[in-house]
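Chemist: pasting the sequence and the predicted model now:
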Amino acid sequence: MKTTGRDFRELLEKHHLKKTDQRLDVLDMLFSKEEAVSQPALESVLGEQINRVTLYRILKTFEEKGIIHRIIDRNGTANYAPCSSACTEHEHHDEHVHFNCTACNKLYCLNDIHIPGFTMPAGFKPDSVNLIISGTCRACNKK
């Protein structure tokens, strides 16, 4: 198997997943970025090594296992970022704010800013909570 910038074999083993080069490549890309990565961006970089269907299955499996979480950006595109260590196969704990830059379109996890608590009306049970703030990121503000 190919050696990546960070060794993700233990992470895959922890989640009872086969340690394939394709899975390792996807993890390397997702964990090496400061921002969330869209599926189209993953396809453009990994397209020669991984076909679209396999990439979709890898992302779905990683999400189900609590390794990554999915964020839909302001354009409706699915983006993926590493989960917190508290996430499991049965429960995600990624209730933090996301920031979508209107200049560069990058999507950032603001892990230190948690979504405030709220009470749902009777009969409503949320499965997930997502708060996206749109604006200009640090890099674009420096330009």
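Modeler: In hand now; what should we look at?
Chemist: so how far is residue 12 from residue 26?
Modeler: Residue 26 is 11 Å from residue 12, where distance means Cβ to Cβ, to the nearest Å. Yep, even glycine has a C-beta here, placed from its N, CA and C like the rest.
Chemist: more neighbours, those two?
Modeler: residue 26 (27 against 18; other Cβ atoms under 10 Å).
Chemist: partners of residue 80 in the sheet?
Modeler: Going by DSSP bridges, residue 80 is paired in beta bridges with residue 37, residue 70.
Chemist: secondary structure element for residue 134?
Modeler: Using DSSP states H and E, residue 134 sits in strand 131-135.
Chemist: and stretch 59-74, how far apart are its ends?
Modeler: This stretch, stretch 59-74, spans 20 Å end to end (Cα to Cα, to the nearest Å).
Chemist: next up, phi/psi of the residue located most distally from the centre of the chain, please.
Modeler: Going by Cα atoms, centre = their mean, the residue of the chain most distant from its centre is residue 122, 31.1 Å out. Dihedral pair for residue 122: phi -50, psi 130, per degrees, to the nearest 10.
Chemist: residue 53 now?
Modeler: According to degrees, to the nearest 10, residue 53 has phi -70, psi -40.
Chemist: from residue 11, how far off is it?
Modeler: Per Cβ to Cβ, residue 53 is found 23 Å from residue 11.
Chemist: of these two, which one has the most company?
Modeler: Neighbour tally, residue 53 and residue 11, criterion other Cβ under 10 Å: the higher count belongs to residue 11, 19 against 8.
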